[in-house]
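Undergrad: just coords:
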């Protein structure tokens, strides 16, 4: 390992440099200055060249090594791979669910190539169906107290920045919300759990919640 392999934080050099990561973590709301444009240009070039490296990796890096990469990912491997697929979706369809055919073709081609290398002649079917609906987050949260909230709906609530709102309602109503895992064991967001998360992650204690509920 050379000095260039590991950053000052002890993290191996990935696609992004430390300055790139700092730029993205502290990205401005209204970018446009020359430093912002330079940073985005650097990241685009590094990302495109890193993607081109996958051609070499897919043909020359062993399956065992690639599987080890997945097993040794820091954090949640499924979340990391999910982010990769999200980026591929953005690149190939511009986030347009009606233009998903190119992503389907890319996925099919990748699977076929791997199966060819294993001596197989595959029949790959990648039919991606995307249906969306407009959902009012407040109504979605309220529905959880009447029945349950699915894992996907909980993720949506988080993405909309309303997880704190959900937790506060659990505390105010003194009622748990069941989370349907869809696969695996369900669990509940209880008032006690909500109070702890509000305190530890949102710096809100029970007194703050009581004051808000009385407004």
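TA: Arrived safely. Keep in mind it's a predicted model, so treat the numbers as computed, not measured.
Undergrad: How is this structure partitioned into domains?
TA: 18-117, 137-214 (automatic domain parsing).
Undergrad: next helix or strand past the helix or strand encompassing residue 53?
TA: Taking DSSP states H and E as the definition, residue 53 sits inside helix 34-60. Sequence-wise, the next helix or strand downstream of helix 34-60 (DSSP H and E) is helix 63-71.
Undergrad: which residue ranges form the strands in the chain?
TA: Taking DSSP state E as the criterion, the chain carries its strands at 149-150, 177-180, 187-189.
Undergrad: And the contacts of the first one?
TA: Under the contact criterion CB atoms under 8 Å, 6 or more residues apart in numbering, strand 149-150 has outside partners 140, 141, 143, 157, 177, 178, 179, 180, 182. Where you see a C-beta, it was placed from the backbone N, CA and C, and this is true even at glycine.
Undergrad: Sheet partners, orientation included, of that strand?
TA: Using DSSP bridges, the strands paired with strand 149-150 are strand 177-180 (parallel).
Undergrad: Check what pLDDT residue 9 gets.
TA: At residue 9, the model reports a pLDDT of 61.
Undergrad: Next: residue 164.
TA: 95.
Undergrad: Any figure for the gap between it and residue 199?
TA: The spacing between residue 164 and residue 199, counted by CB to CB, to the nearest Å, is 12 Å.
Undergrad: ditto for residue 155
TA: Residue 155 sits 23 Å away from residue 199, going by CB to CB.
Undergrad: Which one's more surrounded, these two?
TA: Counted by other CB atoms under 10 Å, residue 155 and residue 199 do not tie: residue 199 has more neighbours, with 14 against 11.
Undergrad: now the domains of the chain in JSON lines, with distance to residue 124?
TA: Shown next, in JSON lines, are those (distance: least, CB to CB, whole Å):
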{"stretch": "domain 18-117", "distance to residue 124": "5"}
{"stretch": "domain 137-214", "distance to residue 124": "24"}
